[in-house]
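# Build me a model:
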Amino acid sequence: MIATALTVGFDLDMTLIDSRPGIHATMTELSRRTGVHIDADAAVTRLGPPLEEELVRWFPAEEIDAAGDEYRKLYPEFAIAPTPALPGAAEAYAAIREHGGRVMVVTAKYGPNAALHLEHLGLVPDVLVGWHWGPKKGEALREHGATVYVGDHIGDILGARAAGAVAVSVATGPVSAADLAAAGADTVLPDLRGFPAWLDGYLAA
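Numbers count the residues shown, from 1 in each chain. Okay, here's the model as predicted:
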């Protein structure tokens, strides 16, 4: 484990970025190119889990790998430009760095595409780990010494728990604040705008 005074991990989709417009556009183009019906409106209500968990709803098992590869190829063209940062994302990074800490992003998304989002929005972390979901996120968090993990999904709480990290949830994704609290989040914030004050209190405790 890498020793550091403070390392905070973040999920990407619906935690740092509102990925719905880009994912909707990419799913729509994938549908057009493959001729397979995909309800992109429904797909963007289920963000968080790996891509293949969505594709299995639309493609037969033997076509999932090819569809995933095509989606990831389309993604840079269709998903990066329309995707904004969520309120408070830049301020959350700044708060960590003001305390001398490091920022890491651990996401189920394909790492190179996650990097494109973060570079486009000026949210480049110190560490980026892709293709990790649920408890597997805990492996990356533990490896880099993260003591806090911030996410919008119950899978992110499981990742924090697997690393022995504090689970901070933001209610900006598909899971309600009440459900995040019931799933065991240590704290639930409406969005990242409340994170700097929370971090000050956490470090002062």
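
# switch to C-alpha atoms for all contacts and neighbour counts from now on
Fine.

# measure the residue of the chain most remote from its centre to Leu121 for me?
Ranked by distance from the centre of the chain (C-alpha atoms, centre = their mean), the top residue is Gly35, with 29.0 Å. Summarising the geometry, the distance separating Gly35 from Leu121, computed by C-alpha to C-alpha, to the nearest Å, is 32 Å.

# buried residues in stretch 169-178?
By neighbour count on 16 or more other C-alpha atoms under 10 Å, the buried set for stretch 169-178 is Ser169, Val170, Ala171, Thr172, Gly173, Val175, Ser176, Ala177.

# Ok, stretch 111-131 next?
Along stretch 111-131, these residues count as buried under the neighbour rule (16+ other C-alpha under 10 Å): 111, 113-118, 121, 123-125, 128-131.

# Outside of that stretch itself, which residues are in contact with it?
Judged by C-alpha atoms under 8 Å, 6 or more residues apart in numbering, the contacts made with stretch 111-131 from elsewhere in the structure are 12, 50, 72, 75-76, 80-81, 83-85, 89-90, 93, 102-110, 140.

# about what we covered before: tell me the two of the buried residues of stretch 111-131 that are most distant?
When C-alpha to C-alpha is used, the two most widely separated members of these are Leu121 and Trp131, lying 20.4 Å apart.

# Val8: which of the buried residues of stretch 111-131 is nearest?
Distances from these to Val8 were compared by C-alpha to C-alpha; the smallest belongs to Pro125, at 10.1 Å.

# Phi, psi for that closest one please.
phi -90, psi 170 (degrees, to the nearest 10).

# ok, it to Arg72 distance?
Computed as C-alpha to C-alpha, the Pro125 to Arg72 distance reads 21 Å.

# what's near enough to touch Ser19?
Counting by C-alpha under 8 Å, 6+ apart, Ser19 has contacts Asp13, Ala79, Thr83, Pro84.

# What about it? Give its phi and psi, please.
Geometry field for Ser19 lists phi and psi as phi -80, psi 0, criterion degrees, to the nearest 10.

# cool, Leu158 as well?
Leu158 has phi and psi values of phi -60, psi -40 when expressed as degrees, to the nearest 10.

# And for Lys137, the neighbour number?
29 (other C-alpha atoms under 10 Å).

# Contacts for the host helix or strand of it, please.
Element membership of Lys137, judged by DSSP states H and E, is helix 137-143. Residues external to helix 137-143 that are found in contact with it (C-alpha under 8 Å, 6+ apart): 1-2, 9, 106-107, 129, 147, 149, 156, 158-164.

# For ChimeraX, write a command that selects the buried ones of the contacts of stretch 111-131.
Command for ChimeraX that selects the buried part of those, burial taken from 16+ other C-alpha under 10 Å:
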select :12,50,72,75,76,80,83,84,85,89,90,93,102,103,104,105,106,107,108,109,140
